[in-house]
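Colleague: Provide a 3D model corresponding to the input given below.
(one chain, ligands or ions: 1)
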Amino acid sequence: MKPLQELTKQNIWKLTPYSCARDEFKGRAASVFLDANENPYNANFNRYPDPLQEELKARLAEVKGVPAGRIFLGNGSDEAIDLVYRIFCEPRQDNVVAIAPTYGMYGVCADINDIEYRPVELNADFSLDADRLLAAVDAHTKVIWICSPNNPTGNALDRKAIERVLTEFQGIVVVDEAYSDFNDARPFRLDLDRFPNLIVLNTFSKLWASAAIRLGMAFASEEIIALFNKVKYPYNINALTQQQAMKMLADLQQVQYWRATLLREREQLLPAIAELPICKAVYPTDANFFLARMTDADSIYHYLIDRGIVVRNRSRVQLCGNCLRITIGTPQENNALLGALRQYRS
Ligand SMILES: *Cc1c(COP(=O)(O)O)cnc(C)c1O
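Modeller: Below you'll find the model as predicted:
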């Protein structure tokens, strides 16, 4: 890995961050707070929240097996994705490389930040060709984006191939593991010691059933996390979100129950979809969704909409012609989908 200072935008490296009242006073002993111009009434919501979310990070450290100092919390993973550009990439000068197809936000945030985005196609079976990915790198490449299990293809990428990218690329490698909760493979967040250039993303939006509270996690070295903390909005995670996340983290059994239920449903739904005459292929998945290649994705998509069933039409995405991306729902929802598809007539 190149020195972190060399990879970081110079204005960010030199930045003196905003120092908020909650940063300056950290003691627990005080009982009179006259430092932040808050209204002293409306208890529970009148005070600014903890800017570094220490209580929540301490609990996450236990659950995720990563020390609190290596955790950044964002307003969804989307905040962490945007911050990667704002920290490392010089507009109109640097570029990033990403697998394709993949999650759309990497490309949108590149455009917003005026950074060249270099998509590199996966193989036809959606596996990762590390050589082809690395061949797209040049002297101005700061970041490589990898998503595993990948969205929209559903498959986990080969760990050895990802490790090669981490070892051979001298810049930052982001491995988005939003769906690793559905998969028994060893998550990359447990290997931060081996890869100083690694940033791993997790989210509360999928298995943790909390998309509405907007909470995403980035795991990385303390040095990289310090850069995230410098650039983020001071109170980026509101108090309601922190409280609700603590509540979710108190009942791990519930989450494990959801996981088992969704995986069982997936096991039943996939072969049933594959059997339909209008389905040409269902691709192997390690996530709570799957990609299905249909005879006519557009027409089937609109037919389902007319019946009040919404799936994702990915047929205009590279390598995904005529593909629908389907999320695993409740047994009732999955049955409604199957029933509708069985009645489809072209
Ligand atoms: C859904 C998803 C996320 C989650 O984003 P949030 O902003 O945390 O809701 C992140 N990455 C991928 C690949 C996803 O599919």
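
Colleague: residues contacting Arg47?
Modeller: 33, 36, 38, 239 (Cβ atoms under 8 Å, 6 or more residues apart in numbering). Bear in mind the C-beta positions are built from the backbone N, C-alpha and C, glycine included.

Colleague: was I right to think Ala136 contacts Arg118?
Modeller: Yes: contact criterion Cβ atoms under 8 Å: Ala136 and Arg118 qualify, at 5.0 Å.

Colleague: looking at these two, which one has more neighbours?
Modeller: The neighbour count for Ala136 versus Arg118, taken as other Cβ atoms under 10 Å, is higher for Arg118 (18 against 15).

Colleague: tell me the strands beside the helix or strand the more buried one falls within, with direction?
Modeller: In the assignment (DSSP states H and E), Arg118 maps to strand 116-121. Looking at strand 116-121 with DSSP bridges, its partner strands are strand 95-100 (parallel).

Colleague: for the partner strand, buried residues please.
Modeller: Neighbour-count burial for strand 95-100 flags 95-100 (criterion: 16 or more other Cβ atoms under 10 Å).

Colleague: hmm, that strand touching the ligand?
Modeller: No: using Cβ under 6 Å from any ligand atom, strand 95-100 stays clear of the ligand, with a minimum separation of 10.9 Å.

Colleague: what about stretch 191-199, distance to the chain center?
Modeller: How far stretch 191-199 lies from its chain's middle: 17 Å, per Cα atoms, centre = their mean, to the nearest Å.

Colleague: re the thing from before, how about residues contacting the strand holding Arg118?
Modeller: 94-100, 102, 106-107, 110-111, 129, 132-133, 135-136, 140-141, 318-319.

Colleague: packing partners of the helix or strand just after it?
Modeller: Downstream of strand 116-121, the first helix or strand assigned by DSSP H and E is helix 130-135. Judged by 3 or more Cβ pairs under 8 Å, 6 or more residues apart in numbering; DSSP states H and E, the packing partners of helix 130-135 are strand 116-121, helix 159-168.

Colleague: got a list of contacts for helix 130-135?
Modeller: 97, 99, 120-121, 144, 161-162, 164-165, 168-169.

Colleague: is it true that Leu324 lies in a strand?
Modeller: Yes: using DSSP: H, G, I helix; E, B strand; the rest coil, the assignment for Leu324 is a strand.

Colleague: in the least confident helix or strand in the chain by mean pLDDT, what counts as buried?
Modeller: Lowest on mean pLDDT, DSSP states H and E among the helices and strands of the chain sits helix 21-24, with a mean of 81. Buried residues in helix 21-24, counting neighbours by 16+ other Cβ under 10 Å, are found at 21-22.

Colleague: tabulate the helices and strands packed on helix 130-135 (JSON lines), appending distance to Pro331 and mean pLDDT.
Modeller: Shown next, in JSON lines, are the helices and strands packed on helix 130-135 (distance: least, Cβ to Cβ, whole Å; pLDDT from 0 to 100):
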{"stretch": "strand 116-121", "distance to Pro331": "36", "mean pLDDT": "98"}
{"stretch": "helix 159-168", "distance to Pro331": "32", "mean pLDDT": "98"}
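
Colleague: now tabulate those in TSV and tack on distance to Trp13.
Modeller: Putting those into TSV (distance: least, Cβ to Cβ, whole Å) gives the following:
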stretch	distance to Trp13
strand 116-121	22
helix 159-168	23
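
Colleague: dump the ones you listed to CSV, plus distance to the ligand.
Modeller: Output for the helices and strands packed on helix 130-135, formatted as CSV (distance: least, Cβ to the nearest ligand atom, whole Å):
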stretch, distance to the ligand
strand 116-121, 15
helix 159-168, 15
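
Colleague: who wins for proximity to Arg293 among these?
Modeller: Among the helices and strands packed on helix 130-135, strand 116-121 comes nearest to Arg293, with 16.7 Å by Cβ to Cβ.

Colleague: pull out the buried positions in that closest one.
Modeller: In strand 116-121, counting by 16+ other Cβ under 10 Å, buried: 116-120.

Colleague: give me the low-pLDDT residue ranges for the stretch 101-250 of the chain?
Modeller: Within the stretch 101-250 of the chain, no stretch has pLDDT under 70.

Colleague: max-length helix in this structure?
Modeller: Longest helix in the chain, counting residues (DSSP state H): helix 252-275.

Colleague: returning to that earlier point: buried ones among the contacts of Arg47?
Modeller: Applying 16+ other Cβ under 10 Å to these flags nothing as buried.

Colleague: ok, so of these, who is nearest the ligand?
Modeller: The ligand lies nearest to Ala239 out of those, by Cβ to the nearest ligand atom, at 18.7 Å.

Colleague: quick check: neighbours shared by Ala136 and Arg118?
Modeller: Here Ala136 and Arg118 have Val97 as joint contacts, going by Cβ under 8 Å, 6+ apart.

Colleague: neighbours around the closest residue in space to Asn123 that isn't next to it in sequence, how many?
Modeller: Ranked by Cβ to Cβ, 6 or more residues apart in numbering and with sequence neighbours excluded, the top spatial neighbour of Asn123 is Asp129, at 5.6 Å. Neighbour count of Asp129, defined by other Cβ under 10 Å: 15.
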